[in-house]
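**Q** my questions are about this predicted structure, shown below with the sequence.
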There are 4 protein chains.
Amino acid sequence: MSNHTRILLIRCSDEPGLIHRITGFLAKIGANIIGNQEFVEPLQRVFFMRTEYSIQKEEEDKTILSELLQILPKDAELKLSTSRKARVVLLATKEPHCLGDILLRWRYGELPMDLLGVISNHETLGDLARDFKVPFVFIPSDGMTREEHETKVQERLQEMQPDWIVLAKYMRILTPEFVRNWGNRILNIHHSFLPAFVGAKPYEQAYKRGVKIIGATAHIVTENLDEGPILVQDVCHVDHGYSPERLVLYGRDLEKVVLAKALRLLLEDRVMIFQNRTIVFE
Amino acid sequence: MSNHTRILLIRCSDEPGLIHRITGFLAKIGANIIGNQEFVEPLQRVFFMRTEYSIQKEEEDKTILSELLQILPKDAELKLSTSRKARVVLLATKEPHCLGDILLRWRYGELPMDLLGVISNHETLGDLARDFKVPFVFIPSDGMTREEHETKVQERLQEMQPDWIVLAKYMRILTPEFVRNWGNRILNIHHSFLPAFVGAKPYEQAYKRGVKIIGATAHIVTENLDEGPILVQDVCHVDHGYSPERLVLYGRDLEKVVLAKALRLLLEDRVMIFQNRTIVFE
Amino acid sequence: MSNHTRILLIRCSDEPGLIHRITGFLAKIGANIIGNQEFVEPLQRVFFMRTEYSIQKEEEDKTILSELLQILPKDAELKLSTSRKARVVLLATKEPHCLGDILLRWRYGELPMDLLGVISNHETLGDLARDFKVPFVFIPSDGMTREEHETKVQERLQEMQPDWIVLAKYMRILTPEFVRNWGNRILNIHHSFLPAFVGAKPYEQAYKRGVKIIGATAHIVTENLDEGPILVQDVCHVDHGYSPERLVLYGRDLEKVVLAKALRLLLEDRVMIFQNRTIVFE
Amino acid sequence: MSNHTRILLIRCSDEPGLIHRITGFLAKIGANIIGNQEFVEPLQRVFFMRTEYSIQKEEEDKTILSELLQILPKDAELKLSTSRKARVVLLATKEPHCLGDILLRWRYGELPMDLLGVISNHETLGDLARDFKVPFVFIPSDGMTREEHETKVQERLQEMQPDWIVLAKYMRILTPEFVRNWGNRILNIHHSFLPAFVGAKPYEQAYKRGVKIIGATAHIVTENLDEGPILVQDVCHVDHGYSPERLVLYGRDLEKVVLAKALRLLLEDRVMIFQNRTIVFE
């Protein structure tokens, strides 16, 4: 009988005795807790928990979840990881640094995901994807409305059934409808330290503002552009001698590392979203 | 005959041969260059230079400056440091961390300035200033308009004749007139990574936005609130577990170190302002 | 009946069901868990837990601890915070930046401790301590052996009965006997990114080695100089233009902030020591 | 007549008038200075200068250099960049992250170099290099002495005539003779914040020492292992929860970014070596 490792995410109103009840239930079904993290949001008293456990006899997921719901507050939301790898589609445009970085990490086993393909509105990066033996889907947007183009993209996404859509420098603004369709499943990298420099050309904005630090932000896409929940941010110091071009160059290194970290957090079920914020159990 | 150390700041349109002419002039008057830094702003071709030199025979400053102007482009602006220490006034309200930090550094010789006094709209920090033997001027604002209060503050400033006014957590918004009167001589610490979270309560804003990094920004005050030239910024990583109160606590450490660094840069004549940016010759 | 907030630290061998038993016990005595953090050291399977709870009926501490020990593995070690503030003595020599910073934070309520006094082998900082109304004990070391001087220092420490001794730039090496006497209760700030540059003059060493980053390390003092468990570290980027003097200047800002953070972690019972490492429940 | 951009590096004893003479000479030959950086090492009074200039009439390099030498102190050393790209060979073993990162950057024009090939003592990364159309030279070391293996590697290097040899996680220690043969032309990435954790398995060392920050260091290889001049360092914060495996994972991101930055500095002639330190004109 082999051991299975599962990850359980719980969110509910806080009340006394929650951890005791949950750990009691896990003991009852024979789960051995490997790691456990909790957080109570102090202003609204919401309880979050991530438990990683190993179990020999594999219970039916539905049974586990329905029994858990009976001992938790009524507003509880649960997620139990499956044994299959998460399915991921990458969207890109012309810039190679984030796409290439993810492809490299995936090729050498650093990102445990089932990489379904790369969709792009340009052919520029097709060779790169194909060199890594990843299907490349070119969907040009010339002469189309935003909605027409998105319809074609979503047709392919519907076929692929991704758990996560990663915008690896995808330079098109998504419609609210698109975002709703894939609610909380789209990860984006923004090339600034949000909420500074929302919108286009953040490095030019940063140069003009004369900031002494630049950054990058990985966030979940919501209907409000650049305002979704933030997963990872990083920064580096710059000075007056940095031209806009050099800001771009240094920014790219931030972008690719920040995006990869955020994607790994998602793949390892370490992120819970609460209102417009994230709880990240690192 | 003793040696004098002087700092010369030059700003003018760029043109070939500038450095050669300037260093030639300095050689002619017997100056020995200790350090030399130049920068050419690439978009508008403006030349900036900071030269630290020692000289035995102390020429008349006016002579030096007028002779230099003859060999430089017509738009040249010069600043030659004097031998006297810069005169500084601190403005504060109730929070002690920035004020206390500056007082400590000044007491032990880390900030080479003539500290003229502390002006505050509250009595809270009077004991602190007095313990450091620094004059404390309490100018209450109760029952006054902003203009009336500022008039009283400016009367005291007129008497003190500061080179620099440091807002060490001074929680009042200055009128454009006040800012104009002390043009480019007011240093402020803002408790966020500008341009993120302009305005009031940035740590509450940061908590609500769920950022993973918080920061502090020291900048010159201009008529547009929180939009003046930035001198120094620093940041630290935070996570979902940081309450607004803890963000404040960590933010304070950033604020006081960033403000002190910025003040030291000013006192050492290392900052030149160009449009809304700074050239910092560290 | 008022509410009491207590902090419980537990360390023991890991085994299934620990959290369930501990939280069950806490529920039984009417404790309401405010925050809970656990960690299992993966190589040696040691379990660490920090629980902050509020309770109305104040049980006898001894009763709580003895009942807890009955449901935990035999090697369990417990610590239950008391309601009194921790008692702290500062040791310093001539450098004012760490001492002054702690005094400021303590004066304005940022460090919840009972500050018993400052002991120094020089008179230099006496005025500073007295300005903050803190007893200053001058114990000169001239003409004494290390042991003789330490004997005098320890006599005063014995009278003061500190929970924590903070070496705020105390530039004397302690004997192993002294360290043993105050086992794991001495906090030191080392002016480098340990384990780089152990020993004296780390900034000179850093300059000669040409590092591009300098750091500071707060650690518990053990018998092996500079090798005790690390609580907090921080760094900043430097370049070839930084003279040894400027490295010192920038290093001081790191030192004082790092030391204060470490002290706050100790005062809030957030640190557990395991072999030569720390578990820090931030 | 087209414009040529050249970079001139100068190192000599400091003396008055150097900048004036050098800029005068450059004016004489019709050079237009684009950027200029100087540094005087304060302890030994050594002068360093990097000048980027454009010139229309391309003088003979030898003429320029010999004329310059006549106006400089006798110990002057000069380097004048050529118009051809630097020739680079990568050495790797089994880890793909640094090699893959450099290949990606080079493919998309971020590293202006002539990439001659990848040499490895394992076949593991052959596919990766070939996917990027870069010659892969497999030189196994099984059953050979270190010297025998190095002889074979150096034969290939002799054919390739590289300006720079980049050790992109090449896990073999080079003999002093090898290092001497390619003096100051070998760039290495060390997986720690040097001088902490020299030698093997730095992440394991870091875990055992319980550091709160890990780092990576790019340095020029000298005969003393891990002690050569440092070009770039970076760090990230970690805590007790990071297993050795996770330290490796986070360390990789530092390593690849630090190595690429260092390589770019070399390719842009921004690094001068002085004793065991670097002057980096960013």
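**A** Yes, it's here.

**Q** which residues does the residue of chain A positioned farthest from its centre contact?
**A** Most distant residue from the mean C-alpha position of chain A: A:Gly241, 34.2 Å away (CA atoms, centre = their mean). Residues near A:Gly241 by CB atoms under 8 Å, 6 or more residues apart in numbering or on different chains: B:39, D:282. Bear in mind the C-beta positions are built from the backbone N, C-alpha and C, glycine included.

**Q** tell me the residues of chain A that contact chain B?
**A** Residues of chain A lying close to chain B (CB under 8 Å from any CB of the partner chain) are A:39, A:42, A:193-197, A:208-213, A:215, A:229-235, A:239-241, A:243, A:276-280, A:282.

**Q** quick one: which helix or strand includes the residue farthest from the centre of chain A?
**A** Counting by DSSP states H and E, no helix or strand carries A:Gly241.

**Q** show the pLDDT at it.
**A** Looking at A:Gly241, its pLDDT is 90.

**Q** cool, the one 4 residues further on as well?
**A** Among the per-residue scores, A:Glu245 holds a pLDDT of 90.

**Q** helices and strands around the strand or helix carrying A:Arg246, which ones?
**A** Element membership for A:Arg246 (DSSP H and E) is helix A:244-267. Identification of packing neighbours for helix A:244-267 by 3 or more CB pairs under 8 Å, 6 or more residues apart in numbering or on different chains; DSSP states H and E yields strand A:86-92, helix A:97-107, strand A:164-167, strand A:186-190, helix A:202-209, strand A:213-220, strand A:230-237, helix D:244-267.

**Q** output those as a markdown table; include the columns mean neighbour count.
**A** Formatted as a markdown table, the helices and strands packed on helix A:244-267 follow (neighbours: other CB atoms under 10 Å in any protein chain shown):
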| stretch | mean neighbour count |
| --- | --- |
| strand A:86-92 | 23 |
| helix A:97-107 | 23 |
| strand A:164-167 | 23 |
| strand A:186-190 | 24 |
| helix A:202-209 | 20 |
| strand A:213-220 | 26 |
| strand A:230-237 | 22 |
| helix D:244-267 | 21 |
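
**Q** just so I know, which of those lies nearest A:Ile64?
**A** strand A:86-92 (19.9 Å; CB to CB).

**Q** can you verify A:Ile273 is assigned to a strand?
**A** Yes. A:Ile273: assigned to a strand according to DSSP: H, G, I helix; E, B strand; the rest coil.

**Q** how far does stretch A:244-253 sit from the chain's center?
**A** 23 Å (CA atoms, centre = their mean, to the nearest Å).

**Q** go on, stretch A:194-202?
**A** 20 Å.

**Q** only the buried residues of it, if you could.
**A** Neighbour counts over stretch A:194-202 (16 or more other CB atoms under 10 Å in any protein chain shown) mark A:194-197, A:202 as buried.

**Q** helices - which of the residues you listed land there?
**A** A:Pro202 (DSSP state H).

**Q** which other helices and strands contact the least confident helix or strand in chain A by mean pLDDT?
**A** Across the helices and strands of chain A, the lowest-confidence element by mean pLDDT, DSSP states H and E is helix A:202-209, at a mean of 87. Packing partners of helix A:202-209 (3+ CB pairs under 8 Å, 6+ apart): helix A:244-267.

**Q** and the nearest residue to A:Asp269 once chain neighbours are set aside, which helix or strand is it part of?
**A** Once flanking residues are discounted, A:Asp269 sits nearest to A:Ile7: 4.4 Å by CB to CB, 6 or more residues apart in numbering or on different chains. In this structure, A:Ile7 sits in strand A:4-13 according to DSSP H and E.

**Q** how far does that strand sit from the chain's center?
**A** 18 Å.

**Q** so what strands line up beside that strand?
**A** Partner strands for strand A:4-13, per DSSP bridges, with pairing direction: strand A:46-55 (antiparallel), strand A:77-80 (antiparallel).

**Q** can you add mean pLDDT and mean neighbour count and give those back as CSV?
**A** Shown next, in CSV, are those (pLDDT from 0 to 100; neighbours: other CB atoms under 10 Å in any protein chain shown):
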stretch, mean pLDDT, mean neighbour count
strand A:46-55, 94, 20
strand A:77-80, 94, 15
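
**Q** for D:Leu68, find the nearest of these.
**A** When those are ranked by proximity to D:Leu68 (CB to CB), strand A:46-55 comes first, at 65.0 Å.

**Q** contacting residues around the closest one?
**A** A:3-15, A:18-19, A:22, A:26, A:29-41, A:269-270, A:272, A:274, A:279, A:281.

**Q** just the CA atoms of it, as CSV, please.
**A** Backbone C-alpha positions of strand A:46-55 (Å, rounded to 0.1, in the frame of the first residue of the first chain) are rendered in CSV as follows:
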residue,chain,number,x,y,z
VAL,A,46,-11.5,34.7,8.8
PHE,A,47,-9.6,31.5,9.3
PHE,A,48,-7.2,30.0,6.7
MET,A,49,-5.4,26.7,6.9
ARG,A,50,-3.1,24.7,4.6
THR,A,51,-2.4,21.2,5.7
GLU,A,52,-0.1,18.8,3.9
TYR,A,53,-0.6,15.2,5.0
SER,A,54,0.2,11.7,3.9
ILE,A,55,-2.3,8.9,3.9
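
**Q** now the element after it, going C-ward?
**A** helix A:61-71.

**Q** now the stretch 101-250 of chain A against chain C: closest residue?
**A** Using CB to the nearest CB, the closest approach of the stretch 101-250 of chain A to chain C is made by A:His237 at 6.3 Å.

**Q** quick check: closest non-adjacent residue to that residue.
**A** Nearest residue to A:His237, sequence neighbours excluded (CB to CB, 6+ apart): A:Ile213, at 5.6 Å.

**Q** isn't the one you found right up against A:Cys236?
**A** Yes. A:Ile213 is within contact range of A:Cys236, at 7.0 Å (criterion: CB atoms under 8 Å).

**Q** low-scoring stretches of the stretch 1-150 of chain A, by residue?
**A** Within the stretch 1-150 of chain A, the ranges that satisfy pLDDT under 70 run A:1-2, A:58-59.

**Q** tell me which residue of the stretch 51-200 of chain A lies closest to chain B.
**A** For the stretch 51-200 of chain A, CB to the nearest CB, closest residue to chain B: A:Ala196, 4.0 Å.

**Q** local confidence estimate at the residue lying closest to that residue once chain neighbours are set aside?
**A** Nearest residue to A:Ala196 in three dimensions, chain neighbours excluded: B:Ala196, at 4.0 Å (CB to CB, 6+ apart). Here the pLDDT value assigned to B:Ala196 is 84.

**Q** next, the angle from the least confident helix or strand of chain A to strand A:213-220.
**A** If you take axes from the mean of the first three to the mean of the last three CA atoms, to 10 degrees, helix A:202-209 sits at 150 degrees to strand A:213-220.

**Q** got the angle for helix A:202-209 vs strand A:186-190?
**A** Angle of helix A:202-209 versus strand A:186-190, following the same axes, to 10 degrees, is 30 degrees.

**Q** which residues touch helix A:202-209?
**A** Here helix A:202-209 has contacts from A:190-192, A:196-197, A:199, A:214, A:242-244, A:247-248, A:251, B:194-195, B:230, B:276-277, using CB under 8 Å, 6+ apart.

**Q** repeat that with 10 Å
**A** A:190-194, A:196-199, A:201, A:211-217, A:226, A:238, A:240, A:242-252, B:43, B:194-195, B:227, B:229-230, B:275-277 (CB atoms under 10 Å, 6 or more residues apart in numbering or on different chains).

**Q** related to what we said a few turns ago, now the helices and strands packed on helix A:244-267 in CSV, with distance to D:Phe136?
**A** Shown next, in CSV, are the helices and strands packed on helix A:244-267 (distance: least, CB to CB, whole Å):
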stretch, distance to D:Phe136
strand A:86-92, 27
helix A:97-107, 16
strand A:164-167, 30
strand A:186-190, 32
helix A:202-209, 36
strand A:213-220, 33
strand A:230-237, 33
helix D:244-267, 19
